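Colleague: Build the 3D model from these lines:
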Amino acid sequence: MRSSRRWIAVGCWLGFGSLALSGTTTRQAGLWEYKTTMTWQKAPEVPGEQGDKLQGGTHTTQYCLTQDMIDDYGVALPQSRKQCTVENRVTTAGKVTADYVCTGMMTGKGRLESTWTDGEHTTSKVHFTGTFQVGPELQPVEWTSETSATFKSSSCGAVKPMQRPAPKR
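Modeller: Numbers count the residues shown, from 1 in each chain. Model prediction:
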């Protein structure tokens, strides 16, 4: 149970600002730093473990973005163990919106919105509602993730690019 709950927390934190650079080639490939604040409006609980809910908070991590990632999505997509897809992506000047649709352990839909004013700074927000499988029961989940990303260097150093799924057309 704990690994499932950790998976959802890590998946939500890692890369939910992922569309912040999407749909444009003016973003720079290289090392980006993401600061993400996760807030759970409804978090799943594990039966028998009093008060054991997923915790929100702020997390900072670095991603290496290749030119291919920028061309397809802008960055690596959130880690979802192939259970979530980005659909209905719309790109306009300085902004991307899309649906984040999950089926599997976590089922539901989120709305992604990312904006940028230059090639080195982005902000994004995701609001997701759905259910999460905890043992035999489905528990409601709702969370919001807000991310700001800053370009750090054209060299990624020791940070390796994440594997990315093929873009959904």
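Colleague: C-alpha only now, for contacts and for neighbours.
Modeller: Will do.
Colleague: okay but Glu120 is in contact with Gln28, surely?
Modeller: Yes: judged on CA atoms under 8 Å, Glu120 makes contact with Gln28 at a distance of 7.0 Å.
Colleague: Now do the shared contacts for those two.
Modeller: Taking CA atoms under 8 Å, 6 or more residues apart in numbering as the contact rule, Glu120 and Gln28 both touch Phe151.
Colleague: neighbour-wise, which of those two wins?
Modeller: Gln28 (21 against 17; other CA atoms under 10 Å).
Colleague: Assign a three-state SS to the more buried one, would you?
Modeller: Judged by DSSP: H, G, I helix; E, B strand; the rest coil, the three-state class of Gln28 is coil.
Colleague: out of everything not next to it in sequence, what's closest to it?
Modeller: With sequence-adjacent residues excluded and distances taken as CA to CA, 6 or more residues apart in numbering, Gln28 is closest to Gly119, at 6.2 Å.
Colleague: what's the neighbour count on the one you found?
Modeller: The burial count for Gly119: 16, using other CA under 10 Å.
Colleague: For Gln41, see how far away the residue lying closest to Phe132 once chain neighbours are set aside is.
Modeller: Take Phe132 and drop its neighbours on the chain: the residue closest to it by CA to CA, 6+ apart is Met106, 4.4 Å away. According to CA to CA, to the nearest Å, Met106 stands 15 Å off from Gln41.
Colleague: More neighbours: which of the two?
Modeller: Taking neighbours as other CA under 10 Å, Met106 and Gln41 compare with Met106 leading, 23 against 14.
Colleague: residue contacts, the more buried one?
Modeller: Met106 touches Ile8, Gln83, Gly130, Thr131, Phe132, Gln133, counting by CA under 8 Å, 6+ apart.
Colleague: and these, which are buried?
Modeller: Among the contacts of Met106, the ones that count as buried by 16 or more other CA atoms under 10 Å are Ile8, Gly130, Thr131, Phe132, Gln133.
Colleague: how about the helices in the chain?
Modeller: 2-13, 67-72 (DSSP state H).
Colleague: lowest-confidence stretch among those helices?
Modeller: Among these, helix 2-13 carries the lowest mean pLDDT, at a mean of 48.
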